[in-house]
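# Based on what follows, work out the 3D shape:
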Amino acid sequence: MIKTTTMTPAAAPDISDLHDAALAAQVQHDLDHKTKPQGSLGRLESLALQLALIQRRRRPLLEAPQLVVFAADHGIAARGVSAFPAEVTRQMVANFLAGGAAVSVLARQHGIALTVVDCGVAHDFEPQPGLLRAKVPGAEHGTADASRGPAMSAAQRDEAITNGRRIVTGLPGNALLLGEMGIANTSAAALLMARLTGRPLADCVGRGTGLDDDGLARKLAVLQQTLDRHAGAVAPLDALAALGGLEIATMAGAVLQAAGEHRVIVVDGFITTAAVAVAAALAPAVLQRCVFSHCSAETGHERWLRHLGARSLLDLGLRLGEGSGAALAWPLLPAACRVLAEMASFESAGVSTRSD
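Now for the predicted structure:
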């Protein structure tokens, strides 16, 4: 059950800088005195330090991880920007709930609770376990076509952000893994990337679900028209309303709330990065709470990660979305915690240190 608290984007939680020199020194000392050459566990060591700072304790502990797939449809799909028809969104939501999707399998493998949120799918699902309804009035079946007008109103955007915050308050645990589903949502993410980073649209637009060369050219043309139409939507929240998706807006709210609660946020791919980028534009310290699971094969993702100063844990050529990359990277996080908590020091193990 989602807790019913009054939240608005203007009343965002306190998301302060995580800098804590004393704690960082303690954790680094612990890592440097484990029975290994200093730094020899590479990225796992920096991950352990990050988790300690997020949780504000010397021995971080991950509890009841929650993978949430935010799903919604996009009006711009009618312009032929995706290789798949719009009805695939609802079909895949059903697949998630039946346990047959890639992210369902991976979440099950690693013991991660999976929840699907209907943020605006063009279908009315029957209530069932694992499904939360978070539709926005006036956009129950998805956004409007952003190539012809704003994807959503400011009020709808704010409602979606508030829904995302409310969803997180109702979830147990201290780790949120982000997933998404929505035909044409790579288009919304590419538009947001171009607007938020100032990069040329061609640097941001990829093949999504597998467009051929003609399809990619059509997608780029439609999105350039869309970007030009909304040239005045420059501020992050204005851009989100004009160009974004309901699942992206809801995720942005979830990221803000999770960051305020010092939850670890595991970011999946290109579309989830869009939500994080919007949240970070409002509260930059959000990024300190984010673990970027992988760099996807979608054209703009590597550039966007670089723009955010982020470095992913994996690079497997993934371009599925759903939260699949977040689930694949998840075992590295508890591994980092266990190294800190359980690995012996040179002193406790009676192992000699370096001779120099």
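
# Report the mean per-residue pLDDT for stretch 24-39.
Averaged over stretch 24-39, pLDDT sits at 97.

# residues in contact with that stretch?
For stretch 24-39, contacts defined as C-beta atoms under 8 Å, 6 or more residues apart in numbering pick out 41, 45, 48-49, 52-53, 58, 339-340, 343-347, 349, 351, 354. For the C-beta atoms, the positions are set from N, CA and C on the backbone; glycine is no exception.

# need the helices for the stretch 251-356 of the chain, in chain order.
Applying DSSP state H, counting those that start in this stretch to the stretch 251-356 of the chain gives helices spanning 270-282, 301-308, 324-329, 332-342, 346-349.

# from the middle of its chain, how far away would the last one be?
In other words, helix 346-349. In this view, helix 346-349 has its centroid 40 Å away from the chain centroid, taken as C-alpha atoms, centre = their mean, to the nearest Å.

# what does the second one give?
In this view, helix 301-308 has its centroid 14 Å away from the chain centroid, taken as C-alpha atoms, centre = their mean.

# okay, the angle between that helix and helix 270-282?
In terms of direction (axes from the mean of the first three to the mean of the last three C-alpha atoms, to 10 degrees), helix 301-308 departs from helix 270-282 by 10 degrees.

# Quick one: list the elements packing against helix 301-308.
Helix 301-308 sits against helix 185-197, helix 270-282, with contacts defined as 3 or more C-beta pairs under 8 Å, 6 or more residues apart in numbering; DSSP states H and E.

# In space, what's closest to G138 - neighbours in sequence excluded?
For G138, ignoring the flanking residues on the chain, the nearest one in space by C-beta to C-beta, 6 or more residues apart in numbering is Q156 at 6.1 Å.

# Quick one: neighbours of the one you found, just the number.
21 (other C-beta atoms under 10 Å).

# which is the next helix or strand following the helix or strand where it lies?
Assessed by DSSP states H and E, Q156 sits inside helix 154-169. Where DSSP H and E defines the elements, the next helix or strand beyond helix 154-169 is strand 175-181.

# Can I get that next one as PDB, trimmed to CA atoms?
Extracted C-alpha coordinates of strand 175-181, given in PDB (Å, rounded to 0.1, in the frame of the first residue of the first chain):
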ATOM      1  CA  ALA A 175      18.000   0.400  -2.200                       C
ATOM      2  CA  LEU A 176      15.900   1.400  -5.200                       C
ATOM      3  CA  LEU A 177      16.700  -0.100  -8.600                       C
ATOM      4  CA  LEU A 178      15.100   1.800 -11.500                       C
ATOM      5  CA  GLY A 179      13.400   0.200 -14.500                       C
ATOM      6  CA  GLU A 180      11.000   1.400 -17.200                       C
ATOM      7  CA  MET A 181       8.800   0.400 -20.100                       C
END
